[in-house]
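# build me a structure from this.
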Amino acid sequence: MTVITTRITVAADGTISTATPLPAGEYAATLEAHDMPPRQLPTLPFDVDALPKHDLGPWPEGMTLRREDMYGDDGR
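The predicted structure follows:
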């Protein structure tokens, strides 16, 4: 038996969709539906200036971060 914990989407027509690491085929499955708790906003404000800083020096001369330069002509 394989246990998979995943999130699912239930459409208005009742169909369920999800992605699993299983090959195509028929399976017997058990579904437990738990209500999702409402999202709670953080109580403290997030201060981006409080994040650690690392000085790595200047960027190399002529450095480019264009997708084509990093991955070639197909852009991948």
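# all contacts plus neighbour counts: C-alpha atoms, from now on.
Fine.
# per-residue pLDDT of G75, please?
Turning to G75, the model gives it a pLDDT of 57.
# one more: G57?
Looking at G57, the pLDDT reads 92.
# SS state for it?
Look at G57: counting by DSSP: H, G, I helix; E, B strand; the rest coil, its state is coil.
# tell me where this protein is predicted with low confidence.
Applying pLDDT under 70 to the chain flags residues 1, 74-76.
# gap between the residue of the chain most remote from its centre and M70?
No residue in the chain has its C-alpha farther from the mean C-alpha position than E61, which lies at 33.9 Å (CA atoms, centre = their mean). Distance of E61 to M70, computed by CA to CA, to the nearest Å: 16 Å.
# can you check S17 too?
35 Å.
# what are the phi and psi angles of the residue farthest from the centre of the chain?
Dihedral pair for E61: phi -60, psi 130, per degrees, to the nearest 10.
# list the contacts of it.
Neighbouring residues of E61 by CA atoms under 8 Å, 6 or more residues apart in numbering: there are none.
# and the strands in this structure?
Counting by DSSP state E, the chain has strands at residues 9-10, 16-17.
# tabulate those strands (a markdown table), appending distance to R66 and mean neighbour count.
Supplementary listing: the strands of the chain in a markdown table, determined by distance: least, CA to CA, whole Å; neighbours: other CA atoms under 10 Å:
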| stretch | distance to R66 | mean neighbour count |
| --- | --- | --- |
| strand 9-10 | 36 | 10 |
| strand 16-17 | 36 | 10 |
